[in-house]
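Peer 1: Kindly return the folded structure for what I paste below:
(chains A and B, ligands or ions: 2)
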There are 2 protein chains.
Amino acid sequence: MASPEIETLTQALSRLPGLGPRSARRAVLHLLKKRETALDPLLAALTAVSQRLATCSTCGNVDTADPCAICADPRRDTRQLCVVEEVADLWALERSRLFPGRFHVLGGKLSALDGVRPEDLAIDALVSRVASGGIDEVVLAMNATLEGQTTAHYIAERIEAYPVRVTQLAHGLPVGGELDYLDEGTLAQALRARRPVA
Amino acid sequence: MASPEIETLTQALSRLPGLGPRSARRAVLHLLKKRETALDPLLAALTAVSQRLATCSTCGNVDTADPCAICADPRRDTRQLCVVEEVADLWALERSRLFPGRFHVLGGKLSALDGVRPEDLAIDALVSRVASGGIDEVVLAMNATLEGQTTAHYIAERIEAYPVRVTQLAHGLPVGGELDYLDEGTLAQALRARRPVA
Ligand SMILES: [Zn+2]
Ligand SMILES: [Zn+2]
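Peer 2: Numbers count the residues shown, from 1 in each chain, chains lettered A, B, ... in the order given. Ligands and ions are numbered 1, 2, ... in the order given. Alright, predicted model coming up:
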């Protein structure tokens, strides 16, 4: 009985992670009732992000500028590079505020099962960054899964000829755990105890 | 470390009911990564709703047209009028598809505590609708709270002089329960067993 526009909005919201059909309806109702304080600000924020959305051509982060805010920040330590599987992992590490360097997003992990090969990930770009110099340490922050660790070892081999220290997060991570779901304490411990790749 | 635009979007989303800061961040990340399938459709839907958002001048429903889709629907039974406290209650009853008539949204409930008086609610407008004729039954679908029932009794007195049957939802509703949170079965039972106001 709601208008087509409202139905469409409800469906668009219900497809967001964490919002089912019921909570989407409640959110829509809230937006309709609070035009000035909820709908208009959300619309303006979405418009602003949409107009400027960009994937960082340096690190693969998604942001509203290219280079992204992290790559453009002169206070970041350019000698430390943290390699992550996904943008979500980068954000999780950023929230912890523990890593002072820059990032490199692979866009996934090697997987025989899913047919993901090295050339499907931003691994050549990573090797180029390392080869161009100025980096002392590459922190491999893959998930503590079989595929994550396979990916870490593959990358360690690809960059072992370069004069960089290659480390990985300590396995204080729970086995099978994914970075984006961990609390900051666990992340902090794993980062502090990072060790050279054997 | 995210750009101001992304921070603003995250905050706007986190203020929606059911979305905390953490789920808002996950939703934003999803939007950024799925531009074509998530961000653009949501932006288009919000824009469409924003451009046409209206409060129905007949019943008080929020919709993208005035009169709203319910008031404009010729298949609705104009002889039955269901009075609810809030738009959320109207939507809850609509989802149950049990009420064939039209609605009247009060915009709240009488409350000595909160200083809500009859003139603060759309009660005069309700009396006018009843006075203008063509209505056989007014269903008072207030919440089963003290204030909801006080409001129902006040309205019953205001319209008792008119030739309409005044009923209220059966108290199959759990005491203290609010319409918008009830399952359809409970709503259906309460509506079927509605009874004249004593
Ligand atoms: Zn970047
Ligand atoms: Zn209406």
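Peer 1: C-alpha from now on. contacts and neighbour counts both.
Peer 2: OK.
Peer 1: hang on, isn't A:A188 packed against A:R95?
Peer 2: No. At 11.0 Å, A:A188 does not count as touching A:R95 under the criterion of Cα atoms under 8 Å.
Peer 1: Comparing the two, which shows the higher neighbour count?
Peer 2: A:A188 (19 against 13; other Cα atoms under 10 Å in any protein chain shown).
Peer 1: Double-check that the more buried one belongs to a strand.
Peer 2: No. Counting by DSSP: H, G, I helix; E, B strand; the rest coil, A:A188 falls outside a strand, being helix.
Peer 1: any idea how far the nearest residue to it once chain neighbours are set aside lies from chain B?
Peer 2: Nearest residue to A:A188, sequence neighbours excluded (Cα to Cα, 6 or more residues apart in numbering or on different chains): A:L98, at 6.7 Å. When distance is defined by Cα to the nearest Cα, to the nearest Å, A:L98 is 12 Å away from chain B.
Peer 1: Could you report the neighbour count for A:L98?
Peer 2: Using other Cα under 10 Å, A:L98 has 13 other residues around it.
Peer 1: Can you verify my assumption that it contacts A:A190?
Peer 2: No. In this structure, A:L98 sits apart from A:A190 without contact. The criterion is Cα under 8 Å, and the distance is 10.6 Å.
Peer 1: Which residues are in contact with the residue positioned nearest the centre of chain A?
Peer 2: For chain A, the residue nearest the mean C-alpha position is A:V87 (1.8 Å; Cα atoms, centre = their mean). A:V87 makes contact with A:60-62, A:105, A:107, B:29, according to Cα atoms under 8 Å, 6 or more residues apart in numbering or on different chains.
Peer 1: Out of these, list just those in helices.
Peer 2: Using DSSP state H, the subset of these located in helices is B:L29.
Peer 1: Any quick PyMOL command for the buried ones out of the contacts of A:V87?
Peer 2: The command below creates a PyMOL selection of those among the contacts of A:V87 that count as buried (16 or more other Cα atoms under 10 Å in any protein chain shown):
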select buried, (chain A and resi 60+61+62+105) or (chain B and resi 29)
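Peer 1: Closest to A:C71 out of the contacts of A:V87?
Peer 2: Of all the contacts of A:V87, the one with the least separation from A:C71 (Cα to Cα) is A:N61, at 9.2 Å.
Peer 1: who are the neighbours in contact with that closest one?
Peer 2: When the contact criterion is Cα under 8 Å, 6+ apart, the partners of A:N61 are A:55, A:68, A:87, A:90, A:104-105.
Peer 1: how near is it to ligand 2?
Peer 2: Using Cα to the ion, to the nearest Å, one obtains 46 Å as the distance from A:N61 to ligand 2.
Peer 1: now, among the contacts of A:V87, which is nearest to ligand 2?
Peer 2: Of all the contacts of A:V87, the one with the least separation from ligand 2 (Cα to the ion) is B:L29, at 37.2 Å.
Peer 1: is it true that the closest one touches A:D89?
Peer 2: No. Distance between B:L29 and A:D89: 10.7 Å, which falls outside the contact criterion (Cα under 8 Å).
Peer 1: and chain A, which residues reach ligand 1?
Peer 2: Within chain A, the residues that sit near ligand 1 (Cα under 5 Å from the ion) are A:56, A:59, A:68, A:71.
Peer 1: Just to be sure, which of those are found in strands?
Peer 2: Counting by DSSP state E, none of the members of the residues of chain A next to ligand 1 fall within strands.
Peer 1: Which single one of those residues is nearest to chain B?
Peer 2: Nearest to chain B among these, counting by Cα to the nearest Cα, is A:C68 at 8.2 Å.
Peer 1: Quick check: A:V166 is in a strand.
Peer 2: Yes. Counting by three-state DSSP, A:V166 is found in a strand.
Peer 1: Ignoring the adjacent residues along the chain, who's closest to it?
Peer 2: If you skip the residues right next to it in sequence, A:V166 has A:V138 as its closest partner in space, 4.9 Å away by Cα to Cα, 6+ apart.
Peer 1: hang on, A:Y162 packs against A:R129?
Peer 2: No. When contacts are counted by Cα under 8 Å, A:Y162 is not listed as touching A:R129 (10.9 Å).
Peer 1: mind giving me the domain ranges of chain A?
Peer 2: Chain A resolves into domains spanning A:4-52, A:62-196 when parsed by automatic domain parsing.
Peer 1: May I see the buried residues of the strand of greatest length in chain A?
Peer 2: Taking residue count as the measure and DSSP E as the definition, the longest strand of chain A comes out as strand A:77-84. Within strand A:77-84, the residues that count as buried by 16+ other Cα under 10 Å are A:78-84.
Peer 1: what mean pLDDT does the next helix or strand after that strand have?
Peer 2: Note on strand A:77-84: by DSSP states H and E, the next helix or strand toward the C-terminus is helix A:87-96. Taken as a whole, helix A:87-96 carries a mean pLDDT of 87.
Peer 1: Just the CA atoms of helix A:87-96, as PDB, please.
Peer 2: C-alpha atoms of helix A:87-96 as PDB (Å, rounded to 0.1, in the frame of the first residue of the first chain):
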ATOM      1  CA  VAL A  87      39.100  -2.500   2.000                       C
ATOM      2  CA  ALA A  88      37.100  -3.600   5.100                       C
ATOM      3  CA  ASP A  89      40.300  -4.900   6.600                       C
ATOM      4  CA  LEU A  90      42.100  -1.600   5.900                       C
ATOM      5  CA  TRP A  91      39.200   0.200   7.700                       C
ATOM      6  CA  ALA A  92      39.300  -2.200  10.600                       C
ATOM      7  CA  LEU A  93      43.100  -1.400  11.100                       C
ATOM      8  CA  GLU A  94      42.500   2.300  10.700                       C
ATOM      9  CA  ARG A  95      39.800   2.300  13.400                       C
ATOM     10  CA  SER A  96      42.400   0.700  15.700                       C
END
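Peer 1: Perfect, that will be all.
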